[in-house]
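Colleague: Need a 3D model of the following:
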Amino acid sequence: MRIAMGCDHAGYPLKEDLKACLVEEGHEVLDFGTGSTEPVDYPDFCAAAARAVVEGRADRGIVLGATGEGEAMVANKIHGVRAALCNDLFTAHMSRAHNDANILAIGARVVATALAKEILRVWLVTPFDGGRHLRRVERMSEIERGEA
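Modeller: Take a look at the predicted model:
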């Protein structure tokens, strides 16, 4: 799977840990930065990762910051993105199974690295259930198009 990643300075150390985990498991990573712990503004990095997913250059994306909240909000501004803030295993599973989330957001100052790796693994392997959930995801897309 090809994974796009974007983060701010607070998310940088976790990004590097998750990137190594992804590569070790055979995934390709598109890294949209940032590249250090020097303070930066996250919107451009997270939007770039989200655009890569929507444009088909990546299968899914991951955005990281101190809480992951702003990063998820930015990603969700890109039409076609369904970003989910997942700081536990249950929401990681449900975001994929019921909402077909294509961007995972994690708070690097909220979740320890070991748990973040577990969240990532659950999120990557959980398929979308479809069925009644497909109707809801399609409705989200209709609302998004109406707001454009």
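
Colleague: Name the single longest helix found in the chain.
Modeller: Ranked by residue count and defined by DSSP state H, the top helix of the chain is helix 132-147.

Colleague: so how far is that one from its chain's centroid?
Modeller: Centre-to-centre, helix 132-147 and its host chain are 19 Å apart (CA atoms, centre = their mean, to the nearest Å).

Colleague: For the protein, just list every one of the helices.
Modeller: 12-24, 43-54, 69-75, 89-97, 113-125, 132-147.

Colleague: of those helices, which approaches residue 33 most closely?
Modeller: helix 43-54 (4.8 Å; CB to CB). All C-beta atoms are positioned from the backbone trio N, CA, C, and that covers glycine.

Colleague: List the buried residues in the closest one.
Modeller: The neighbour-count check on helix 43-54 (16 or more other CB atoms under 10 Å) flags 43, 45, 46, 47, 48, 49, 50, 51, 52, 53, 54 as buried.

Colleague: Residues touching that helix, excluding its own?
Modeller: 4-8, 30, 32-34, 58-63, 65, 70-71, 74-75, 77-81, 83, 102-103 (CB atoms under 8 Å, 6 or more residues apart in numbering).

Colleague: what do you get for stretch 71-81?
Modeller: Outside stretch 71-81, the residues touching it (CB under 8 Å, 6+ apart) are 6-8, 11, 42-43, 46-47, 49-51, 53-54, 61, 63-65, 82-85, 102-103, 105, 141, 144-145, 148.

Colleague: Provide a list of residues in contact with the most centrally placed residue in the chain.
Modeller: Central residue of the chain (CA atoms, centre = their mean): residue 104, 2.3 Å from the mean position. Going by CB under 8 Å, 6+ apart, residue 104 touches 60, 61, 62, 63, 83, 84, 86, 92, 95, 119, 120, 123.

Colleague: Kindly recompute the last result at 7 Å.
Modeller: Taking CB atoms under 7 Å, 6 or more residues apart in numbering as the contact definition, residue 104 lies against 62, 84, 86, 120, 123.
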